[in-house]
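K.L.:
Generate coordinates for the sequence data below:
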Amino acid sequence: MMIETEVRPAIENDHPTIQRFEDALIPGKLGTYFHRGSKAILLDDPRAAWIWKQMIDLAPPSHTLGSEILSPTTDFLFRIARNHIAGNLRAGDMLRFIPGGIGHVARKIVINRKENGQFETLPRHFSGSTIPNNLQDTAWNLMTDILRSTFPVQAALPAYKVSIELLKYPHSFEEIEHVDSLLRDSCGEWARIGVAMDTWKAQAAGLFDVKFIRDCTAFASLLPGLNRILYTTNRWMIPYSKKSIPPGTSIIGAPHCDGGKIITALLSERATLTTEVYTGNKWETLPLTSDLLAILPSAQLDPQLEISPTLHRILIKDRLNGERPVKPNITLLLTASLQG
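P.N.:
Below you'll find the predicted structure:
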């Protein structure tokens, strides 16, 4: 049975860490919430639910923009490959599976607004289907309103772009391990060595999770005998690190702040997946739904705003044990990031 944590907002300076936003989305208002210590703001905006419905329709037959990535048909992998942009992890279709670090299938759309006011997307289409103009316009306007509400009233917004990211997760960590095994066995020997090093770096905890040490021990983790010592020592450090987790779960998104974004906003329908934000002294479950937008400040925010990016992580149930989840593990991200 999946461990469920009751959401009890922690109090920092008498201000909830996770807070429902009841005010109008006016310039500067969201920023005051973040200044007071909120790590995530829950926003009820009908535009968010509308975007979800444009991207996701789980009732067959489905013809929404996101339906192809959720399809169970046999040519799924080939269509993902056709929509993949080589060397680009920010746009197009992709598979990302590193046990302990990440595990999802993704469809990502980047939207730029040109000087003439028209939109330009990357990619321009998915399997011949262009991105609807009303979807581009709604996503852009929603994220622009969120940015203006995060920045001070008189501040000019930096040049930015908006993205829509649809992420489909497996239902268990066991499934992630199966996919990882499949992908490793499809690679050559040198690629498998690289994957093994990436897996160590994703799972490193405590002292081993310091950048230089993490990179050095990644090489050492390949050596017979020494790798067993490293993994055993690493397990000892996990309970005293930010990778300490409840029994029966595994990390599928290592603790991180979104480094390539100004603001991240999430919608989700999930059964065995949990997103947690770090309050400064504990991890707290972020209540995610498909009609309530959870907004997190991210690492590209101007340091002069004195708003700290939110550290968060993603957990997944280890095994299903014969259970049939009633909801898919789907997350829709709306983000704003700096141009360039």
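
K.L.:
Now do the helices in the protein.
P.N.:
Here the chain has its helices, by DSSP state H, at 29-35, 46-55, 76-82, 133-150, 173-185, 189-203, 211-220, 226-237.

K.L.:
out of the ones you listed, nearest to Thr335?
P.N.:
Closest to Thr335 of these is helix 133-150 (C-beta to C-beta; 7.4 Å). Backbone N, C-alpha and C define where each C-beta goes, glycine included.

K.L.:
The closest one vs helix 46-55, what angle?
P.N.:
Relative orientation of helix 133-150 and helix 46-55, computed by axes from the mean of the first three to the mean of the last three C-alpha atoms, to 10 degrees: 150 degrees.

K.L.:
The longest strand seen in the chain pairs with which strands, and in what direction?
P.N.:
If you go by DSSP state E, the chain has its longest strand at strand 102-113. Sheet pairing for strand 102-113, assigned by DSSP bridges, gives strand 92-98 (antiparallel), strand 119-122 (antiparallel), strand 160-168 (antiparallel).

K.L.:
The first one to helix 189-203, inter-axis angle?
P.N.:
Same thing as strand 92-98. Here the directions of strand 92-98 and helix 189-203 differ by 70 degrees (the same axes, to 10 degrees).

K.L.:
before we move on, back to that, buried sites along the longest strand of the chain?
P.N.:
By neighbour count on 16 or more other C-beta atoms under 10 Å, the buried set for strand 102-113 is Ile102, Gly103, His104, Val105, Ala106, Arg107, Lys108, Ile109, Val110, Ile111, Asn112, Arg113.

K.L.:
before we move on, what about stretch 181-201?
P.N.:
Here stretch 181-201 shows Val195, Met197, Asp198, Thr199, Trp200, Lys201 as buried, counting by 16+ other C-beta under 10 Å.

K.L.:
Report the distance from it to the chain centre.
P.N.:
Averaging C-alpha positions (C-alpha atoms, centre = their mean, to the nearest Å) puts stretch 181-201 23 Å from its chain's average.

K.L.:
for stretch 227-245, how far is the first residue from the last?
P.N.:
In stretch 227-245, first residue to last residue: 23 Å (C-alpha to C-alpha, to the nearest Å).

K.L.:
Now do that stretch: everything it contacts.
P.N.:
Stretch 227-245 is contacted by residues 200, 203-209, 217, 220-221, 251, 254-255, 278, 283, 311, 313, 315 when judged by C-beta atoms under 8 Å, 6 or more residues apart in numbering.

K.L.:
Could you count how many residues lie near the closest residue to Asp291 other than its chain neighbours?
P.N.:
In space, and not counting its chain neighbours, Asp291 is closest to Ala49: 4.2 Å by C-beta to C-beta, 6 or more residues apart in numbering. Using other C-beta atoms under 10 Å, Ala49 has 16 other residues around it.

K.L.:
From Ala40, how far off is Ala49?
P.N.:
Going from Ala49 to Ala40 by C-beta to C-beta, to the nearest Å gives 18 Å.
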